[in-house]
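Asker: below is the structure, and that's it, no one-letter string:
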């Protein structure tokens, strides 16, 4: 296929991305994904389209081309258009390429909230511990902290313990839920006292997660603080605590 003919085919397929027929759009995405690097510049340009469906279709097509597009996506992560930066972050996450970690960590400080959110999502997909320090810093971002706490929980790195303890004792209930679970997963003994304190949390899932984490930590000093939760207002907390107490060696009637 000559360059001119190939260029025309790319134009036709890009036009098809705007068709109302979903099957035709899907075919265009798949075909563009097979076109190779020649299609990448125009697809990246489409990431700035005013229609989010077009933006996401362009990203999907770029990702289908494969790892050869990583450098182009890293460049796009520096674009002046926020939508291109957002879609570039999304694409890097879908590719799960470790080359994206440091640039995505930098994108956690992007001036646009949608770009920062996409960067967190991408780092979650990649799951590389090198992102942990940047994610810890991002816990101070009110628009990101819930998602960041979830990602830190998933990665499970001991470097996050102090920041997660701060989150556990903070005022965001969703962060507290993730932190209470994450600290048990990480398994650091510094978590025991804050987790015991969280058994009194107003949120039932924080109490439940804290109890489960104390069991993971084998924290026998939590037995007495756990006992009142046998009569918790939430039956799921009650049932969890029964199992936790048993795992810690407590027997009814002691």
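Answerer: Yes, it's here. The shown structure was predicted, so the numbers you read here are calculated from the model rather than taken from an experiment. Numbers count the residues shown, from 1 in each chain.
Asker: show me the contacts for residue 232.
Answerer: Contacts for residue 232 were tallied using C-beta atoms under 8 Å, 6 or more residues apart in numbering; they are 204, 207, 238, 241. The C-beta positions use only the backbone N, C-alpha and C, and glycine is treated the same way.
Asker: any idea which of the residues you listed is closest to residue 224?
Answerer: Ranked by distance to residue 224 (C-beta to C-beta), these are led by residue 241 at 12.2 Å.
Asker: distance of residue 117 from residue 148?
Answerer: The gap separating residue 117 from residue 148 is 10 Å, by C-beta to C-beta, to the nearest Å.
Asker: number of nearby residues for residue 194?
Answerer: When counting by other C-beta atoms under 10 Å, one arrives at 20 neighbours for residue 194.
Asker: tell me which helix or strand it sits in.
Answerer: Secondary-structure element containing residue 194, defined by DSSP states H and E: helix 192-197.
Asker: gap between that helix and the chain center?
Answerer: Computed by C-alpha atoms, centre = their mean, to the nearest Å, the chain-centroid distance of helix 192-197 equals 26 Å.
Asker: give me the helices and strands touching the next helix-or-strand element following it, please.
Answerer: Sequence order places helix 204-216 as the next helix or strand after helix 192-197, per DSSP H and E. Judged by 3 or more C-beta pairs under 8 Å, 6 or more residues apart in numbering; DSSP states H and E, the packing partners of helix 204-216 are helix 173-186, helix 192-197, helix 235-247.
Asker: and residue 80, which of these is closest to it?
Answerer: Proximity to residue 80 (C-beta to C-beta) singles out helix 173-186 among those, at 32.6 Å.
Asker: hmm, who's touching the closest one?
Answerer: Counting contacts by C-beta under 8 Å, 6+ apart, the residues outside helix 173-186 that touch it are 139, 145-146, 149-150, 152-153, 156-158, 160-161, 164-165, 167-170, 191, 194-195, 198, 201-203, 205-206, 209-210, 212-217.
Asker: mind running it again at 6 Å?
Answerer: By C-beta atoms under 6 Å, 6 or more residues apart in numbering, the list of residues contacting helix 173-186 from outside reads 145-146, 149-150, 152-153, 156, 158, 164, 167-168, 191, 198, 203, 205-206, 209-210, 212-213, 216.
Asker: what's the burial count for residue 204?
Answerer: 17.
Asker: which residues touch it?
Answerer: 234, 237.
Asker: for the lowest-mean-pLDDT helix or strand in the chain, name the packing helices and strands.
Answerer: Of all the helices and strands that make up the chain, helix 3-16 has the lowest average by mean pLDDT, DSSP states H and E, namely a mean of 78. For helix 3-16, the contact count by 3 or more C-beta pairs under 6 Å, 6 or more residues apart in numbering; DSSP states H and E identifies helix 22-33 as packing neighbours.
Asker: what is the subsequent helix or strand relative to the helix it packs on?
Answerer: Scanning the chain past helix 22-33 towards its C-terminal end, the next helix or strand to appear is helix 40-46 (assignment: DSSP H and E).
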